[in-house]
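>>> just coords:
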C-alpha cells in the first residue's frame, strides 16, 4: 500500500512544477484531437518512446551514476522477441512483451554481473562493446532474420488489432505508448524514494561509505541495471510493432545507445523529469535535422557531431543537465 | 568472551606491514581511544575490522561471530558501523537523505526510515540542517552528519575515524558532547581514532597506542600519557633522553 501511495505522491515538488507537469500531461492526453501532421505525430511517438528509454537509463545511469552506453542491445532483445514470436508463432504483443523483458533481464544479469566489477569509463566502454557484439550476433542469426531483419506484414492482420498491437493509424500507437509513459513516470517516482533508490544515490556518492552502511553495492547495481533493462525492453517490443520493419543495424545501433543516455544527461541525470525534458528537446531536434539534412546529402551525420557537442557542453557546464540548472537557480533564490 | 576480539591481526600492503600482529579485546559499553602518530596504521586497523580490507592474517571476532572474512556490508549488517576520516560526497544527498540511507539498513519502508532519521537528527541537534546538502556544510557539521548516518543503522559498535580533526575548540567541545551522548545516552560501544588528545584523554576508558603498525601500549588515559614508549613514538628518542621520560 505504501508503495502505491509513494508512487502517486509528488508533494516534494514545488507547486509551480506540478502545474507545469499537469498542463503537459493534459496536452499529451489531448494532443491527437488537434489537427496535426503525420510528421508531428511520429515525432510525438518518438518523444514518448525515448522518454521511457531515458527513464530506464536514469535509474542506473542517473541515480546510480553508472554511465551505460549499451542500452540498444536491450531495445534489440525486446524488439526481436516480439517480432519473431508474432511472425513465427502468432504470439501477440501483450504476451511476447513480458517474455522479451524476461530475456532482456536475464541477459542483463549475465553481462551485468561481471561488468559491474568495472567502474566509470571502463564500465561505459564495456557496455558499448557488449551491445555491439550482440548486434553482430543478431546480424548472422537466421532466427531473427539475420542482417535483413524482420518485417511484420500488416496485411495479415485486421487493424485495429489491440492484442497484437497492429494499427493503421498512429493515434492508437500514441495512446499505448502514452500509457507506458505514465506508468514509467509513476514507477520512477516510486523508485527514487524507495530503499533501492536511496542505496543507489548513496553508491553514487561514495561506494565505501555505502558498503559501510550495509549496502551490497554490486547486487544493488545489478538489480537496478535489470530494472533499467526492463524499461528499455518494453519499448523495444513496442518499437517492433510500431515500425514493423526492424533490422539489427538500426535497432541496435550505437546511435540509439548514445541517444538514450543523452536524453537523460541533457535533461538532468538523477532527476525525475530529466529524461522527459531531454527527450522533449532532442527528439524534435533530431527529427527536423534529419528532415532538413536528408535533402543535403553532404551533411548526413552532422547530427552525431551535434550530439557529441551537447555531451561536452553538459559535462563542462552543468553535469546535472537542465534540471540541475533549474535547481541551482532555485537554491540561490531561497538562500 | 569479549564483545570485540582482535587476534594477531596483520595487514600488509606489498612489503609494508601496515598492521603488525595486533591483538586487543573490547567489552560491551566501553569507549576506547586509538591513538598513534601519522602512518601508525590506525585507519588500516579500522578498515580491517570493518571488512573494507581483507586481512593478511589473524582473526576478528565480533559479538561471538568470526567476521574476519566477511565483506564490509555483511559486517555492517551485524551491527558494526563506522565513519570515514575523509568525507567525500558528490553532494547529491541532503542531510536527512544521508541519514535515511543508514536507516534503510534496518527497514524497507521509506516512511519508517524518514521517521527514524528525524529522531536521530533531533537527538544530535542537527534537525535544523535536515534539508541542507551535506557538501554545503561546515566540516564540523559534516562530521556530525556522518555520525548520525552511522547511527541510522542502529549499531552495536561504532568506529569513529578522526571525527574531531580540523575542528576549532568550540566545535571539539560540541563533538565531544555528541560522542558522550552516543555512548552513554544511546548505549553504543565506541572506538575512536583521534589526534586531539584532550578529547581522547577526556572521554576514553582505555587507550590503545599504535606505532609503525604495531601496538606499543594499552591502558587507562593517565598511564598512557606518562608511558615513555608512547612519548617516544610521538616526540622522538632524543626528547625522551633529554627529559628522562617525564613531561
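Thanks, I have the structure now. Nothing here was measured: the structure is a model prediction, and the numbers come from that model. Numbering: from 1, shown residues only, chains lettered A, B, ... in the order given.
>>> Any idea how many residues pack against residue A:43?
18 (other C-beta atoms under 10 Å in any protein chain shown). No exception for glycine: its C-beta is placed from N, CA and C like everyone else's.
>>> repeat for residue A:313
Each residue near residue A:313 was counted by other C-beta under 10 Å, and the total is 11.
>>> For residue 33, give me the pLDDT.
No chain specified, so I'll use chain A. At residue A:33, the model reports a pLDDT of 88.
>>> actually chain B
92.
>>> Output the contacting helices and strands for the helix or strand hosting it.
Following DSSP states H and E, one finds residue B:33 within strand B:31-35. If you count contacts as 3 or more C-beta pairs under 8 Å, 6 or more residues apart in numbering or on different chains; DSSP states H and E, strand B:31-35 packs onto helix B:42-49, strand B:189-193, helix B:197-203, strand B:206-211.
>>> Out of those, which gets nearest to chain A?
When the helices and strands packed on strand B:31-35 are compared for distance to chain A using C-beta to the nearest C-beta, the nearest one is helix B:42-49, at 8.9 Å.
>>> chain center to the closest one: distance?
On the basis of C-alpha atoms, centre = their mean, to the nearest Å, the separation between the geometric centre of helix B:42-49 and that of its chain is 9 Å.
>>> Pull up the pairing partners for the next helix or strand after it, direction included.
As assigned by DSSP H and E, the chain's next helix or strand after helix B:42-49 is strand B:57-62. Strand B:57-62 has its sheet partners listed here by DSSP bridges as strand B:4-13 (antiparallel), strand B:65-66 (antiparallel).
>>> Where does the prediction get shaky in chain B?
Applying pLDDT under 70 to chain B flags the ranges B:87-91, B:244-247.
>>> So for it, the centremost residue is which one?
Most central in chain B under C-alpha atoms, centre = their mean is residue B:160, positioned 2.0 Å from the mean C-alpha point.
>>> Pick the most buried one from the strands paired with strand B:57-62.
Burial of these is given as mean neighbour count (mean count of other C-beta atoms under 10 Å in any protein chain shown); strand B:4-13 ranks first at a mean of 18.
>>> between that strand and strand B:189-193, how big is the angle?
30 degrees (axes from the mean of the first three to the mean of the last three C-alpha atoms, to 10 degrees).
>>> in chain A, what spans have low per-residue confidence?
Short version for chain A, where the test is pLDDT under 70: A:294-300.
>>> which parts of it sit against chain B?
Chain A has residues A:2, A:6, A:65, A:193-195, A:198-199, A:201-202, A:204-206, A:208-217, A:270 near chain B, with proximity defined as C-beta under 8 Å from any C-beta of the partner chain.
>>> Okay, and which of those map to helices?
Assignment to helices by DSSP state H places the following of these there: A:2, A:6, A:195, A:198-199, A:201-202, A:204-205, A:208-212, A:217.
>>> returning to what we had before: thought residue B:192 was touching the residue nearest to the centre of chain B, still the case?
Yes: proximity of residue B:160 to residue B:192 meets the contact threshold set by C-beta atoms under 8 Å, at 4.2 Å.
>>> returning to that earlier point: next, format the helices and strands packed on strand B:31-35 as CSV and append distance to residue B:154 and mean neighbour count.
Putting these into CSV (distance: least, C-beta to C-beta, whole Å; neighbours: other C-beta atoms under 10 Å in any protein chain shown) gives the following:
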stretch, distance to residue B:154, mean neighbour count
helix B:42-49, 18, 24
strand B:189-193, 13, 24
helix B:197-203, 22, 17
strand B:206-211, 24, 22
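>>> that older thread, how far does the strand holding residue B:33 sit from the chain's center?
A distance of 8 Å separates the C-alpha centroid of strand B:31-35 from that of its chain, computed with C-alpha atoms, centre = their mean.
>>> and chain B, which residues reach chain A?
Chain B comes close to chain A at residues B:50-52, B:71-73, B:76-77, B:81-82, B:84, B:87-93, B:97-98, B:100-102, B:104-105, B:107-111, B:113, B:149-150, B:152-153, as judged by C-beta under 8 Å from any C-beta.
>>> Now with 7 Å, please.
Selection of chain B residues close to chain A by C-beta under 7 Å from any C-beta of the partner chain yields B:50, B:52, B:72-73, B:76-77, B:81-82, B:84, B:88-90, B:92-93, B:97, B:100-102, B:104-105, B:108-111, B:149, B:153.
>>> re earlier: between the strands paired with strand B:57-62, which one is closest to residue A:230.
Between residue A:230 and the strands paired with strand B:57-62, the shortest gap by C-beta to C-beta is with strand B:65-66, which sits at 37.2 Å.
>>> So what touches the closest one?
Contacting residues not belonging to strand B:65-66 are listed as B:59, B:78 [C-beta atoms under 7 Å, 6 or more residues apart in numbering or on different chains].
>>> what's the answer for stretch A:151-168, then?
Contacts of stretch A:151-168 with the rest of the structure, by C-beta under 7 Å, 6+ apart, involve A:83, A:86-87, A:92-94, A:172-173, A:176, A:240-241, A:244-245.
>>> The same query, at a cut-off of 8 Å, please.
Contacts made with stretch A:151-168 from outside it, assessed by C-beta atoms under 8 Å, 6 or more residues apart in numbering or on different chains, are listed as A:83, A:86-87, A:92-94, A:169, A:172-173, A:176, A:238, A:240-242, A:244-246.
>>> tell me how far the ends of that stretch are from each other?
Across stretch A:151-168, the straight-line distance between its terminal residues is 15 Å, by C-alpha to C-alpha, to the nearest Å.
>>> For residue B:215, grab phi and psi.
For residue B:215, the backbone dihedrals are phi -80, psi 120 (criterion: degrees, to the nearest 10).
>>> quick one: contacts for residue 106?
The chain I'm using is chain A. Residue A:106 sits next to no residue when contact means C-beta under 8 Å, 6+ apart.
>>> oops, chain B please
If you count contacts by C-beta under 8 Å, 6+ apart, residue B:106 has them with B:116, B:153-154.
>>> Same check on residue A:291?
By C-beta under 8 Å, 6+ apart, the contact list for residue A:291 reads residue A:39.
>>> Distance of it relative to residue B:97?
Per C-beta to C-beta, to the nearest Å, residue A:291 is found 44 Å from residue B:97.
>>> Could you report the neighbour count for residue B:225?
For residue B:225, the tally of surrounding residues (other C-beta under 10 Å) stands at 15.
>>> Same question for residue A:98.
Considering only other C-beta under 10 Å, residue A:98 is surrounded by 15 other residues.
>>> Over to the one 4 residues further on?
Summarising burial for residue A:102: neighbours were counted as other C-beta under 10 Å, giving 13.
>>> repeat for the one 5 residues further on
Each residue near residue A:107 was counted by other C-beta under 10 Å, and the total is 18.
>>> after the host helix or strand of it, next one along is what?
Assigned by DSSP H and E, residue A:107 belongs to helix A:93-115. The helix or strand immediately downstream of helix A:93-115 is helix A:120-139, counting by DSSP H and E.
>>> ok, then the element right after that following helix?
strand A:150-151.
>>> partners of that following strand, with directions?
Strands adjacent to strand A:150-151 in the sheet, as given by DSSP bridges, are strand A:245-246 (antiparallel).
>>> So which residues make contact with the strand it pairs with?
Here strand A:245-246 has contacts from A:79-80, A:83, A:149-152, A:239-240, using C-beta under 8 Å, 6+ apart.
>>> Then stretch A:13-30?
Contacting residues not belonging to stretch A:13-30 are listed as A:10, A:48, A:178, A:181-182, A:273, A:330 [C-beta under 8 Å, 6+ apart].
>>> same thing but at 6 Å, please
Contact with stretch A:13-30 is made by residue A:178, as judged by C-beta atoms under 6 Å, 6 or more residues apart in numbering or on different chains.
>>> Now find how far off-centre that stretch is within its chain.
Averaged over its C-alpha atoms, stretch A:13-30 has a centre that lies 21 Å from its chain's centre (C-alpha atoms, centre = their mean).
>>> So which bits of that stretch are buried?
Buried residues in stretch A:13-30, counting neighbours by 16 or more other C-beta atoms under 10 Å in any protein chain shown, are found at A:21, A:28.
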